[in-house]
Structures are given as C-alpha cells and as structure tokens.
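**Student:** Next one to model:
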Amino acid sequence: MIISASRRTDIPAYYSEWFSNRLKEGYVLVRNPMNTHQISRVSLSPEFVDGIVFWTKNPAPMLKRLNQFEQYNYYFQFTLTAYGPDIERNLPSKNQVIIPAFQQLSKEIGKERVVWRYDPIFINDRYTIEYHCRYFEVLASKLAPYTEKCTVSFIDLYKKTEYNMKPMKIQTVTSDQQIELLQRFVEKAKKYKISIDTCAEISDFTDIGVFPAHCIDRERFEKIGKCRLHVGKDKNQRSECGCIESIDIGAYDTCQNGCLYCYANSSKSSVNNNCKQHDCQSPLLFGELDEKDIVRERSVRSFADRQMTLFDY
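**Tutor:** Now for the predicted structure:
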C-alpha cells in the first residue's frame with residue numbers, strides 16, 4: 001500500500017504533529033469525500049505501508065520530525081513556483097523560508113527523495129512566458145544541488161478555481177506557447193542537470209525530451225526501498241495520470257496555503273471552519289465521529305516482493 005499525504009491538503013505544512021501521532025497510533029480515519037458518513041480505518045503499520053508520498057509547499061514544520069519516519073520509505077513532491085503572494089497568499093517568504101527548507105530537507109534525506117514541482121503554470125499580463133523562464137532559472141540555480149528533476153503542468157481551470165482566478169485575467173496557453181515554454185525550461189534545466197517531466201498533460205512533448213511524470217512513482221519507491229513493488233496504475237485518477245495506486249489520507253477544504261489556483265478548497269470560510277475542528281490527537285484530520293458515521297476497516301496489503309535478483313536496484 002502507498003499512502004498519499006496528500007493531494008487534498010498540505011499535511012507537512014499544517015498537520016505534521018497530527019500525522020506523527022497517527023503513525024504512533026498505527027492507523028488513520030479518512031472520510032469519503034463523496035459520502036462523508038462513510039469512513040475508512042486505514043492501517044499505517046510498516047508491515048503494510050510500502051511508501052509515503054508527501055505533497056507540500058512548505059515542509060519546514062515537519063523537518064524536526066523526520067527521524068520519526070525511519071521505518072518507512074518516503075519522498076516529497078515539493079511545489080515551488082515563482083508566483084507572488086497575490087497568487088499563493090499565505091506562504092512564507094520563499095527566499096527566507098521555503099528555499100532554505102527545500103535545501104535542508106534534501107540534505108537530511110537525499111535529493112532522490114525531493115522532487116521539485118513547478119506547477120500549475122498559467123500566464124497573464126504579469127506572469128508572462130518571459131517571467132516564468134527567468135524565474136524558473138533562478139529557482140533551478142538554487143535547487144540544482146538538492147533535486148534531480150522538476151515536474152511541471154499547465155493550469156486546469158475547474159469551476160471553483162476559475163472563479164478565484166478571474167481577477168487575474170488568465171490568458172489561454174496555446175499549444176505553441178506550451179512547447180516554447182517547455183523547450184526553454186529544458187534548455188535552462190540542462191545547465192543544472194535537472195530533468196523535466198509533465199504531470200497529467202494530454203499533449204505529447206516527448207519530441208522535445210519531456211516525458212509524462214509518475215508523481216506517485218513505483219520505480220522511485222523501488223529504488224528507495226530496494227525491492228520490487230507489484231502495483232498497477234491508479235484507476236481513480238485521470239487517464240493521463242501516470243501515478244500508481246495509493247490511498248489518500250487528507251481532506252478537502254483544510255489547506256491553509258491560500259493559493260488561488262487550488263482545486264482542493266471550495267471556499268475560505270469552509271477552510272476556516274474545518275481548521276477550527278482540527279485536533280492533532282484525533283484519528284480524523286478534522287471533526288469528530290457522530291452516530292451517522294459508519295467506520296469500516298480498509299483492506300490493505302503490501303505490494304512488496306523482497307526476493308532480490310542480480311537485476312534489481
């Protein structure tokens with residue numbers, strides 16, 4: 001079993017103590033976002049957990065807890081863009097906090113376990129192609145010793161993100177513009193020995209050396225854990241997504257980063273209300289169980305094949 005922590009919220013930034021307590025207790029309760037009274041009890045025993053993917057824009061609060069994860073194979077999907085506080089409203093200073101946290105994290109766990117994400121990409125009068133290319137290189141120069149690759153994607157405007165982003169007057173990124181930007185990213189990334197791939201993009205960019213990403217990546221976990229994983233593609237994700245099967249333990253409407261492009265929050269008031277109900281000692285990320293809730297044990301198993309061969313990592 002692979003744990004995703006989490007596409008729905010930034011657990012390292014805001015819920016690292018809660019997550020640490022869940023590992024100590026050995027399980028977590030996760031509400032079904034489509035049926036809130038249906039709750040899964042998910043084991044977090046190292047016996048069943050083959051890996052954990054942390055998704056974050058700021059792992060600083062979790063850095064002091066890394067030694068608590070020694071029984072697990074894990075890596076970070078670390079989003080670091082060139083947007084300012086007009087877009088990513090609640091993030092601390094990138095120069096003073098976020099970039100140093102990226103560098104420290106890599107020093108602690110190794111650059112093969114820190115994947116840089118520059119996404120989602122959109123353009124408007126301020127955030128032009130020239131702007132992205134200029135500051136992508138600035139970031140690449142600072143992150144090059146601390147990561148192996150950068151995953152990029154272009155913005156998908158869902159109803160709630162389209163409403164939030166309306167004041168930004170986003171321009172459509174044409175196919176030609178996508179190719180131009182990626183070509184320039186590739187050229188800049190080569191200078192710093194960083195590879196580029198794309199997350200869940202319909203367009204094919206392989207002819208310019210940009211391949212589809214596997215953000216929850218079987219091969220990466222096999223290298224980290226030094227064993228084979230018999231696990232297939234996640235059927236609950238879009239067809240363009242290359243991720244393997246995982247269980248997400250987060251909850252929507254709980255991320256406090258305040259990014260206007262976020263698809264995981266419906267409104268600021270919902271986030272504020274849910275965050276007030278967070279208890280770091282609770283098995284739920286927020287709220288409490290009530291008489292209508294039905295808790296069922298999630299059937300889980302390890303995908304690992306620990307019979308090594310001469311051809312394994």
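**Student:** Stretch 16-34: how far from the chain's middle?
**Tutor:** In terms of Cα atoms, centre = their mean, to the nearest Å, the centre of stretch 16-34 is found 17 Å from the chain centre.
**Student:** start to end distance for it?
**Tutor:** 25 Å (Cα to Cα, to the nearest Å).
**Student:** Quick check: mean pLDDT of stretch 216-226?
**Tutor:** Regarding stretch 216-226, the rounded mean pLDDT is 96.
**Student:** can you pull the buried residues of that stretch?
**Tutor:** Neighbour-count burial for stretch 216-226 flags Ile216, Asp217, Arg218, Arg220, Phe221, Glu222, Lys223, Ile224, Gly225 (criterion: 16 or more other Cβ atoms under 10 Å). The way it works is simple: take the backbone N, C-alpha and C, and place the C-beta from them, glycine included.
**Student:** Stretch 65-73 now?
**Tutor:** Residues of stretch 65-73 classed as buried under the neighbour-count rule (16+ other Cβ under 10 Å) are Phe69, Tyr72, Asn73.
**Student:** By residue count, tell me the biggest helix in the protein.
**Tutor:** Using DSSP state H, we find that the single longest helix of the chain is helix 175-191.
**Student:** What is that helix packed up against?
**Tutor:** Helices and strands touching helix 175-191, by 3 or more Cβ pairs under 8 Å, 6 or more residues apart in numbering; DSSP states H and E, are helix 129-143, strand 149-154, strand 195-198.
**Student:** among the ones you listed, which is nearest Gln277?
**Tutor:** Comparing those against Gln277 with Cβ to Cβ, the closest turns out to be strand 149-154 (31.6 Å).
**Student:** tilt between the closest one and helix 129-143?
**Tutor:** On the basis of axes from the mean of the first three to the mean of the last three Cα atoms, to 10 degrees, strand 149-154 is oriented at 160 degrees to helix 129-143.
**Student:** In PDB, list the C-alpha atoms belonging to strand 149-154.
**Tutor:** Provided in PDB are the C-alpha atoms of strand 149-154 (Å, rounded to 0.1, in the frame of the first residue of the first chain):
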ATOM      1  CA  LYS A 149      14.100  16.600 -11.600                       C
ATOM      2  CA  CYS A 150      11.300  19.100 -12.000                       C
ATOM      3  CA  THR A 151       7.700  18.200 -12.700                       C
ATOM      4  CA  VAL A 152       5.600  20.800 -14.500                       C
ATOM      5  CA  SER A 153       2.000  21.200 -15.600                       C
ATOM      6  CA  PHE A 154      -0.300  23.800 -17.100                       C
END
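**Student:** Strand partners (parallel or antiparallel) of that strand?
**Tutor:** strand 114-121 (parallel), strand 195-198 (parallel) (DSSP bridges).
**Student:** where in the protein is pLDDT low?
**Tutor:** Within the chain, the ranges that satisfy pLDDT under 70 run 307-313.
**Student:** if I pick the residue lying closest to Met168 once chain neighbours are set aside, what's in contact with it?
**Tutor:** Of all residues not flanking Met168 in the chain, Asn124 sits nearest, at 5.4 Å (Cβ to Cβ, 6 or more residues apart in numbering). By Cβ atoms under 8 Å, 6 or more residues apart in numbering, the contact list for Asn124 reads Met168, Lys169, Ile170, Gln171.
**Student:** cool, Ser175 as well?
**Tutor:** Here Ser175 is in contact with Ser203 (Cβ under 8 Å, 6+ apart).
**Student:** Is it correct that Lys107 is in contact with Val114?
**Tutor:** No: using Cβ atoms under 8 Å, Lys107 is not in contact with Val114, being 9.7 Å away.
**Student:** list residues touching both of those two?
**Tutor:** In contact with both Lys107 and Val114: Tyr146, using Cβ under 8 Å, 6+ apart.
**Student:** Compare the two and say which is more crowded by neighbours.
**Tutor:** With neighbours defined as other Cβ atoms under 10 Å, Lys107 and Val114 compare such that Val114 has more, 24 against 12.
**Student:** element containing the closest residue to the more buried one other than its chain neighbours?
**Tutor:** Once flanking residues are discounted, Val114 sits nearest to Ser106: 4.7 Å by Cβ to Cβ, 6+ apart. Assigned by DSSP states H and E, Ser106 belongs to helix 99-109.
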